[in-house]
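S.K.: Give me coordinates for this.
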Amino acid sequence: MKNLLKSLLIFGLLLSQNLLAQTLTQASFMVKGDCGMCKTRIENTAKKSGAKTASWSASTQTLELQFDESKVTADTILKNIADAGHDNEKYTAPDEVYASLPGCCLYTRSKVQHTETTADAAEHYFVRGNCGSCKTRIEKAAKDAGATFAHWEAETQTLNLKYDHSKTSADHILQKIADAGHDNVKFTANDNTYNNLPECCLYDRELPLGVKSDRVHTDEPRQDFTQHADHVDESIEGVTLTKSNPATALSRKSAGLTFNIGEKELLKAACCNLSESFETNATVDVSFSNAVTGTKQLKMLGLDQKYTSLTKELLPEIRGLATAYGLNFIPGRWIGGIQLTKGGSTVTNGYESITGQINTELLKHSTEPETGINLFADANARTEMNITHTAPLNDHWNHSVLLHGNGTLAKMDTNDDGFMDQPTGTQLNATYLLNYSDLDHSGWATHFGINFLQDQRNAGQMDYNHRLDQSEQSAYGVGIDISRFQVWNKTGHIFKGKPYQSLGWMNQYTYHQQDSFFGLRDYFGKQHTYYSNLIFESIFGNTNHKYKAGASFLYDRYDEDYLATNYQRTETVPGLFFEYTLTGEKYTVVAGARTDFHNLAGTQFTPRLNFKYDITPKTIVRLSAGKGFRTANIFAESQAYFASNRAIDILNSGGDIYGLKPEIAWNYGASLQQEFRLFGNKSSVVADFFRTDFTDQVLADLDQNAQKITFYNLDGQSWANSLQTQWDFSPVKNFEVRLAYKYYDVQADYLSGRKEVPFMAKHRGFLNLGYVTTKTDKGSLWSFDTTLNWVGQQRLPDMSTNPAAFQLPAYSEAYFTWNAQIGRDFSEKVRVYAGGENLTSFTQERPIIDAQNPFGNYFDGGMVYAPIMPANFYIGLDLKF
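M.R.: Residues are numbered from 1 along each chain as shown. Next comes the predicted model:
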């Protein structure tokens, strides 16, 4: 009996559920919204109003409902949704309710045509476009042509339409969209209309319909987290997982003057390491700093590399003891993208940036397994191999393996001075990256990285035998042995229902050791660094008012031996920071400040301000001002002069770092970005001026005595004025031209008076030409690239204390350098390239002073102002699997 009652009860419940289901009405309605918060608000309101189920899609702007018409009507549900702030096909939200929504929920409002019928058709068409402006233009044109609902997606290049067949047609709507400038599946836009679109809207007309351009970006929250400013950044600050930008572009959205350098730009030159990644870039100057070790250093805004913050994955990278050789530590084929910011950068990334920031992103974030192999060799017997592998592990995890090895085995002496033109030696470099992303559900993402590097170099005279100790031979030798280990993690969380609010935490440990000698001069350095940065990001009211707040900690432990003297110090720097971003219709203001409590340099307050104003969509003005400070590592940063007879002299200024005080400087900048059409193609001119004023600086004085380098703190003024104009244009399809001119005025008050800083040309010119043939269906193409640099006269150090035969003129001669490369892509998987560097073969006449007597009083290998090697030719092969 009991079993019978149970069976009847179960049957009754099932029957009642079926009967209930049969009375439910299913319907879909257009409801406007933007983000995850909108979805929660719309669905909750519908359910509270009586709907059994409610599912809203941001991509289609459609709400799917199930409800019992005997208990609630669609009108009631839609009216309540409108009262909650969301326009729909029957009701419009009150203006005051819409205005009170969070900034991320402020969808684009349009004149909604409310209908009392369900006769509208739902159809989908391919329409070309790029950005948020395209979206607004396409949807407006569709609605003006009679559509009752129009939603265009940049990612899929698809327009979803609803319209009344009795009042309009798809052909009429699509023709109006083409008239507005957007090619679609049925009609092509007029060329003049297309050419008059804003630069950001110039979609690629060569791509098949439905395929998005590399330049596509949307105003919807991205799920792949990007740091590139040409995309909307809804990411966790500092812990983002990036996809590389495919081209070089000046960010239109960034308040700072930021250039995004992508893989396509890096492939225009040999780009064996970071020092060679700027050969086609006019902003950064890269040159040899020493004629014995062949070391390269970069300069920006007229100042040395040490004043630029060089980061990797937004973590400190080339600083401290790594300054001299660090540009060689990041292989070119590992680089997924570079972000270069001139002037003051964000306070969230630290206090050391004075002239700007260069951040390097490594390859990662692959949707399909891909393995790349790069082989390279040049005429100077330098060879290298790179292996990169990126692959997803499952829906949430992906990893990257990056391997690099290079070697220079043959000794070369093209100028017959008895010294090798470049060092021999090898480098082994390995990195493993592991990434996790579950932003759609849990809101968490994390990134792990580990790197190991071993770099061994030998230089000096041709007869030098690196297998013998320097004391056992008369030939002058140089030995540099560097070991480096890094491990880091970046973890972040986006709060549920609040895509604008996130928390990120970055941690990194670095061990760096250099064991070296330069003739009879020994230098040993060891550095332990721990860096931590915690960043919270949210809004005040809406996303027009964003802020970031956080805390950082930096620990540096230095242990150096120079000759017979040991120098040890520990720097601990806890810091606090806050940054506010105000975004208006035409302007962006980023104001930030940080306070750092340095145990040796004292408490330092660092404010920074960036302002951008769009006079028109194609005319942008930027202003910036900010402060930075750093502690000088005088031995590591001056290794270019170790291969010389110069003794190091430190004039104690009462500071706690080698007896010296920290360096403090203010940087101010202004720029104008103008875009226009020329020859029917896009063109842009950028002019910028930056000034750096030091309130305190550690000067390396080469003029006091030709046998000394004297370090002391500034007593007076020191400044650097930088003026640059750059014009990019395309005279014909696929042919790009970049012209630039730079003027530098860099002076300081030395003990002997005010002088120009040596080795800095006042005038520089730059020309880059690039042409790429149209890609075939099989992915094959040819690419041609050439760069011409003109470097004006440079002041040279005063060497009047030397005999006349070992002196230098007051100024160097001006010269040209010319690089060129030809590439052939046989498919998406196979590429061969060949090129030449310094094709003018201009070299400094005497890069080493008194090279015949390297242990004598006048020997000096640090007086380098021009190339030290003649034309060099190379060939390379890229394979992908």
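
S.K.: who touches the closest residue to Leu788 other than its chain neighbours in this structure?
M.R.: Spatial nearest neighbour of Leu788, excluding adjacent residues (CB to CB, 6 or more residues apart in numbering): Leu767 at 4.4 Å. For glycine as for every other residue, the C-beta is placed from the backbone atoms N, C-alpha and C. For Leu767, the contacting residues are Val737, Arg738, Leu739, Ala740, Thr787, Leu788, by CB atoms under 8 Å, 6 or more residues apart in numbering.

S.K.: Just the buried subset of the residues you listed, please.
M.R.: By neighbour count, with 16 or more other CB atoms under 10 Å, the contacts of Leu767 hold Arg738, Leu739, Ala740, Thr787, Leu788 as buried.

S.K.: Return the residues in contact with the last one.
M.R.: Right, Leu788. Per CB under 8 Å, 6+ apart, neighbours of Leu788: Gly765, Phe766, Leu767, Asn768, Phe816, Thr817, Trp818.

S.K.: so the first one touches Trp790, yeah?
M.R.: Yes: taking contact to mean CB atoms under 8 Å, the distance of 3.8 Å between Gly765 and Trp790 places them in contact.

S.K.: So what touches stretch 84-104?
M.R.: Residues from elsewhere that reach stretch 84-104 (CB under 8 Å, 6+ apart): 29-35, 37-38, 41-42, 45, 63, 74-75, 78-79, 81-83, 105-107, 109, 112-115, 148-149, 221, 499-500, 539, 541-545.

S.K.: Pull out the buried positions in it.
M.R.: Residues 84-91, 93, 98, 101-104 are the ones in stretch 84-104 that count as buried (16+ other CB under 10 Å).

S.K.: Phi first, then psi, for Cys38.
M.R.: With angles defined as degrees, to the nearest 10, Cys38 sits at phi -60, psi -50.

S.K.: Leaving out the residues flanking it, which one is nearest to it?
M.R.: In space, and not counting its chain neighbours, Cys38 is closest to Cys105: 5.1 Å by CB to CB, 6+ apart.

S.K.: Angles on the backbone of the one you found, please.
M.R.: phi -100, psi 0.

S.K.: Which residue comes closest to Phe635 once chain neighbours are left out?
M.R.: Per CB to CB, 6+ apart, closest to Phe635 is Tyr562, 5.3 Å.

S.K.: ok, now Lys733?
M.R.: Asn681 (7.2 Å).

S.K.: Could you count how many residues lie near the one you found?
M.R.: Neighbour count of Asn681, defined by other CB atoms under 10 Å: 16.

S.K.: Across the sheet, point out what pairs with it.
M.R.: Leu678 (DSSP bridges).

S.K.: Which pLDDT value does the model give it?
M.R.: On pLDDT, Asn681 comes in at 87.

S.K.: Phe729 versus that one, what's the distance?
M.R.: 7 Å (CB to CB, to the nearest Å).

S.K.: Also Pro870?
M.R.: Per CB to CB, Pro870 is found 33 Å from Phe729.

S.K.: Among the contacts of Leu767, name the ones in helices.
M.R.: Nothing among the contacts of Leu767 maps onto helices, per DSSP state H.

S.K.: Dump the residues you listed into JSON lines; add pLDDT and distance to Gln175 as well.
M.R.: Formatted as JSON lines, the contacts of Leu767 follow (pLDDT from 0 to 100; distance: CB to CB, whole Å):
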{"residue": "Val737", "pLDDT": "95", "distance to Gln175": "37"}
{"residue": "Arg738", "pLDDT": "96", "distance to Gln175": "39"}
{"residue": "Leu739", "pLDDT": "97", "distance to Gln175": "41"}
{"residue": "Ala740", "pLDDT": "97", "distance to Gln175": "44"}
{"residue": "Thr787", "pLDDT": "96", "distance to Gln175": "46"}
{"residue": "Leu788", "pLDDT": "97", "distance to Gln175": "48"}
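
S.K.: got these as JSON lines, with distance to Lys618 columns?
M.R.: Rendered in JSON lines, the data for those read as follows (distance: CB to CB, whole Å):
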{"residue": "Val737", "distance to Lys618": "19"}
{"residue": "Arg738", "distance to Lys618": "18"}
{"residue": "Leu739", "distance to Lys618": "19"}
{"residue": "Ala740", "distance to Lys618": "20"}
{"residue": "Thr787", "distance to Lys618": "27"}
{"residue": "Leu788", "distance to Lys618": "29"}
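
S.K.: Could you check stretch 814-822 and say which residues are buried?
M.R.: By neighbour count with 16+ other CB under 10 Å, stretch 814-822 contains the buried residues Ala814, Tyr815, Thr817, Trp818, Asn819, Ala820, Gln821.

S.K.: Who does the second one form a beta bridge with?
M.R.: Bridge pairing for Tyr815 (DSSP bridges) gives the partners Val791.

S.K.: Please report how far it lies from Ile709.
M.R.: Applying CB to CB, the value for Tyr815 to Ile709 is 26 Å.

S.K.: so where's the stretch 151-300 of the chain uncertain?
M.R.: Counting by pLDDT under 70, the ranges of the stretch 151-300 of the chain that qualify are 208-247.

S.K.: ranges for the helices of it?
M.R.: Taking DSSP state H, counting those that start in this stretch, the helices of the stretch 151-300 of the chain run over residues 170-179, 191-195, 263-266.

S.K.: Of the buried ones among the contacts of Leu767, which is the nearest to Ile664?
M.R.: Here the nearest of the buried ones among the contacts of Leu767 to Ile664, counting by CB to CB, is Ala740; it sits at 30.4 Å.

S.K.: Report the two of the buried residues of stretch 84-104 separated the most.
M.R.: Pairwise distances across these (CB to CB) peak at 26.1 Å, for the pair Lys90 and Gly103.

S.K.: Test my guess that Tyr125 contacts Leu174.
M.R.: Yes: using CB under 8 Å, Tyr125 makes contact with Leu174 at a distance of 6.3 Å.

S.K.: Show me which of the two is the more surrounded one.
M.R.: Neighbours were counted for Tyr125 and for Leu174 using other CB under 10 Å; Leu174 has more, 23 against 19.

S.K.: Which parts of the stretch 601-750 of the chain are strands?
M.R.: For the stretch 601-750 of the chain, applying DSSP state E, counting those that start in this stretch gives strands covering 602-616, 619-630, 647-650, 663-678, 681-696, 698-701, 708-713, 718-732, 735-750.

S.K.: and of the ones you listed, who's closest to Thr588?
M.R.: That would be strand 602-616 among the strands of the stretch 601-750 of the chain, by CB to CB, at 4.6 Å.

S.K.: Report the rounded mean pLDDT for the closest one.
M.R.: Here the average pLDDT along strand 602-616 is 95.

S.K.: same question, stretch 108-116
M.R.: 50.

S.K.: do the same with stretch 497-515
M.R.: Stretch 497-515 comes out at a mean pLDDT of 94.

S.K.: for stretch 130-145, same thing?
M.R.: Rounded mean pLDDT across stretch 130-145 is 88.

S.K.: CA atoms of that stretch as PDB?
M.R.: Below are the C-alpha coordinates for stretch 130-145, written out as PDB (Å, rounded to 0.1, in the frame of the first residue of the first chain):
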ATOM      1  CA  ASN A 130      36.800  47.800 -36.900                       C
ATOM      2  CA  CYS A 131      35.800  49.600 -33.700                       C
ATOM      3  CA  GLY A 132      33.200  51.200 -31.500                       C
ATOM      4  CA  SER A 133      32.700  54.100 -34.000                       C
ATOM      5  CA  CYS A 134      32.000  51.600 -36.700                       C
ATOM      6  CA  LYS A 135      29.400  49.900 -34.500                       C
ATOM      7  CA  THR A 136      27.600  53.200 -33.800                       C
ATOM      8  CA  ARG A 137      27.600  54.200 -37.500                       C
ATOM      9  CA  ILE A 138      26.400  50.800 -38.800                       C
ATOM     10  CA  GLU A 139      23.600  50.400 -36.300                       C
ATOM     11  CA  LYS A 140      22.500  54.000 -36.800                       C
ATOM     12  CA  ALA A 141      22.400  53.500 -40.600                       C
ATOM     13  CA  ALA A 142      20.300  50.300 -40.200                       C
ATOM     14  CA  LYS A 143      17.800  51.900 -37.900                       C
ATOM     15  CA  ASP A 144      17.500  55.000 -40.000                       C
ATOM     16  CA  ALA A 145      16.700  52.600 -42.900                       C
END
